[in-house]
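**Q** Got a predicted structure here, sequence first:
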Amino acid sequence: MTVVKSTLPDAAREVAGEALQSTLVDLLGISLVGKQAHWNIVGPRFRSIHLQLDEVVATARTYSDTVAERAAALGLPPDGRPETVAAAYALPGAKEGWLRDDEVVRLMVETLETAIGRLRDRIDATDKADPVTQDLLIGITAELEKQRWMFEAENWPRD
């Protein structure tokens, strides 16, 4: 059942819909990984990384809403149900228990880097199909790259 009629042709709508749904899952997953790390971080850099994790979570949650609303505007029902996210999530995740600050930094760099790579593939896929969705994905990529850079800077100088 389509409640909202899209202005995109069906094939373009399908490409955009796949890109948006995958991005929604990644963003919801990033927000969960960020909160898990936020609650369990320990170490001398606890406070600064703890606060930085809140920034990542807020960014992921804000963009997940924007992505879901873009899908809905195209007549595609976004699916952010826990079982959908659990089944489709493909980014690195946090281990159980306490996490040392250096582990959290590594985890967030890897998680964000993987998400950015996946977003870049979606940017390419949506180039002709839907430049509006592509533009949204480009903006998300820029913000996640900024967050990744900030976490990576925590590891300098490298061992």
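**A** Cool, the structure landed. Residues are numbered from 1 along each chain as shown.

**Q** all strands in the protein, in order from the N-terminus.
**A** For the chain, the strands defined by DSSP state E cover 41-42, 99-100.

**Q** ok, and what's touching the last one?
**A** Under the criterion C-beta atoms under 8 Å, 6 or more residues apart in numbering, residues 37, 40-43, 107 lie in contact with strand 99-100. For every residue, glycine as well, the C-beta is placed using N, CA and C.

**Q** I'd like the residues you listed written out as a markdown table, with distance to Arg70, pLDDT and neighbour count added.
**A** Compiled in a markdown table, the contacts of strand 99-100 are given as follows (distance: C-beta to C-beta, whole Å; pLDDT from 0 to 100; neighbours: other C-beta atoms under 10 Å):
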| residue | distance to Arg70 | pLDDT | neighbour count |
| --- | --- | --- | --- |
| Ala37 | 28 | 98 | 26 |
| Asn40 | 33 | 98 | 16 |
| Ile41 | 32 | 98 | 21 |
| Val42 | 38 | 97 | 14 |
| Gly43 | 38 | 96 | 14 |
| Leu107 | 28 | 97 | 20 |
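
**Q** Format those as TSV; extra columns: distance to Pro9.
**A** Output for the contacts of strand 99-100, formatted as TSV (distance: C-beta to C-beta, whole Å):
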residue	distance to Pro9
Ala37	42
Asn40	47
Ile41	47
Val42	52
Gly43	52
Leu107	40
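
**Q** Nearest to Arg118 among those?
**A** Nearest to Arg118 among these is Leu107, at 16.6 Å by C-beta to C-beta.

**Q** Since that was my last question, I'll sign off now.
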